[in-house]
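*Asks:* dropping the sequence and predicted coords here.
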Amino acid sequence: MKHSATVPACKDCLLGCKTIFSSLDEEELERLTYDKSCNSYKKGSTIFHEGNRIHHVYCIHSGIVKMFKTGIEGKEQIVSFAQAGDIIGYRSILSKESACTTAKAIEDVVICAIPADHLFEILEHNPKFSMELMQLACKELGEANQFLTDIAQKSVRERLAEVLIKLKEVFSVDNEGYLKVSLTRDELASLVGTATESVIRLLSEFKSDKYIELNGRKIRVLNEERLRKLSSYY
């Protein structure tokens, strides 16, 4: 379920995190703030569904969103996460195709919706923004290709070690050293590309080997160097 929220000024958002809109000048930022809308979504709410046509690009103001594809028997395959400063839905807008993934809040989020027409206007008049958006799309494509390579060449144990390191790099840790993102075992299994039972067993092994510490859903990486060696991720 979504609710209207106070629209934050884009220039104020840039003070807290770097976004692709950092290349916009003051006038462009003011117009963007005027044209967009802003909504809050409760944990578990869907922002858009795979297969539906979307008419906005979504910029995450706060919170975390997971992007996933739905496979056989409704099984989720998580392809990425988005947090404050990230944009989602832009590839479907650029290609003028239906959404290729579903976006769902894994914690309470506030999201700004930017009309597609406004995105195209920025692309037309701001070459630096256009280049950065193209680079972002290429980066995401590279990550997708790397995931396919890992699925084919790495063991489940190696992939889980790599996922834990990447989660730490992307979301950082809180004051107690736990990952700032809290995922269910099903979500972790989806990221790794394996069965939930396998993830539960391997997490227990990692805990016994003192690579990690578990506190419910919360995970603390204790031996990052060992996980990196195990996953061959540097």
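*Replies:* That came in fine, so what should we check first?
*Asks:* rest of the way, CA atoms for contacts and neighbours
*Replies:* OK.
*Asks:* now the lengthiest helix in the chain, how far from the centre of its chain.
*Replies:* Ranked by residue count and defined by DSSP state H, the top helix of the chain is helix 127-153. Relative to its chain's centre, helix 127-153 lies at 13 Å (Cα atoms, centre = their mean, to the nearest Å).
*Asks:* buried set for stretch 66-73?
*Replies:* 66-69 (16 or more other Cα atoms under 10 Å).
*Asks:* following element in sequence after the longest helix of the chain, please.
*Replies:* helix 156-171 (DSSP states H and E).
*Asks:* contacts for the next helix or strand after that following helix next, please.
*Replies:* Where DSSP H and E defines the elements, the next helix or strand beyond helix 156-171 is helix 185-192. Contact with helix 185-192 is made by 76-79, 156, 159-160, 163, 195-196, 198-200, 217, as judged by Cα atoms under 8 Å, 6 or more residues apart in numbering.
*Asks:* out of these, which are buried?
*Replies:* Neighbour counting by 16+ other Cα under 10 Å classes 76-79, 156, 159-160, 163, 196, 198-199 among these as buried.
*Asks:* helix/strand/coil for I219?
*Replies:* Counting by DSSP: H, G, I helix; E, B strand; the rest coil, the backbone at I219 sits in strand.
*Asks:* thought it was touching D174?
*Replies:* No: proximity of I219 to D174 does not meet the contact threshold set by Cα atoms under 8 Å, at 10.7 Å.
*Asks:* more neighbours: the two, which one.
*Replies:* With neighbours defined as other Cα atoms under 10 Å, I219 and D174 compare such that I219 has more, 22 against 11.
*Asks:* quick one, grab the pLDDT at the spatially closest residue to that one that is not a sequence neighbour.
*Replies:* In space, and not counting its chain neighbours, I219 is closest to Y178: 5.4 Å by Cα to Cα, 6 or more residues apart in numbering. Note for Y178: predicted pLDDT of 95.
*Asks:* tell me how far P8 lies from L14.
*Replies:* Relative to L14, P8 is positioned 11 Å away (Cα to Cα, to the nearest Å).
*Asks:* and what of L119?
*Replies:* On the measure of Cα to Cα, L119 and L14 end up 18 Å apart.
*Asks:* and for D35?
*Replies:* D35 is 17 Å from L14, by Cα to Cα.
*Asks:* more neighbours: these two, which one.
*Replies:* Comparing D35 with L14 by other Cα under 10 Å, the one with more neighbours is L14, at 15 against 12.
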